[in-house]
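Participant: Quick one: sequence plus predicted model below, questions after.
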Amino acid sequence: FDAGLKGRGLRVLEDVKAGDFITEYVGRAIKKRYLDTLFRRYKNEQMLYIMALDSNTYLDARKKGSVARFINHSCDPNCVVERWKVK
């Protein structure tokens, strides 16, 4: 949905209980040391979709993201991130 100045938003269309899996957040993994370069590259972009996984790793969902990139911009967040390692 259109969230006005915030860009796009995401709503679920069915009941969700606390702890339910909603969707996978997909993006390119970026180390903290490259964030300044990334922000300079995107300086003219209005909407950035970068989420911190931990203090050193971020996901850039701008080009290779899923619809989940619209979740992380809530002023009243009600979702949590679970980091999974798949081997």
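Facilitator: That came through fine. All values derive from a computational prediction rather than experimental measurement. Numbering: from 1, shown residues only.
Participant: and Arg33, how many residues sit next to it?
Facilitator: Using other Cβ atoms under 10 Å, Arg33 has 8 other residues around it. Glycine gets a C-beta too; all of them are placed from N, C-alpha and C.
Participant: And it, its phi and psi?
Facilitator: Arg33 adopts backbone torsions of phi -60, psi -20, taken as degrees, to the nearest 10.
Participant: Distance check, it against Thr57.
Facilitator: From Arg33 across to Thr57, the span is 11 Å (Cβ to Cβ, to the nearest Å).
Participant: And Val80, by the same measure?
Facilitator: From Val80 across to Thr57, the span is 17 Å (Cβ to Cβ).
Participant: And Asn72, what's its pLDDT?
Facilitator: On the pLDDT scale, Asn72 is placed at 57.
Participant: Likewise for Gly19?
Facilitator: 88.
Participant: if we can go back for a sec, okay, Val80 and Thr57: which has more neighbours?
Facilitator: More crowded of Val80 and Thr57, by other Cβ under 10 Å: Thr57, with 13 against 8.
Participant: How about that one, nearest residue that isn't a chain neighbour?
Facilitator: Distance criterion Cβ to Cβ, 6 or more residues apart in numbering; nearest residue to Thr57, sequence neighbours excluded, is Ala29 at 5.9 Å.
Participant: Then Tyr42?
Facilitator: Using Cβ to Cβ, 6+ apart, the closest residue to Tyr42 is Leu48 (5.7 Å).
Participant: Next: Ile71.
Facilitator: The shortest distance from Ile71 to any non-neighbouring residue, by Cβ to Cβ, 6+ apart, is to Leu10 (5.3 Å).
Participant: Could you tell me how many residues sit around the one you found?
Facilitator: Using other Cβ under 10 Å, Leu10 has 17 neighbouring residues.
Participant: what's the answer for Asn78, then?
Facilitator: Counted by other Cβ under 10 Å, the residues lying close to Asn78 total 8.
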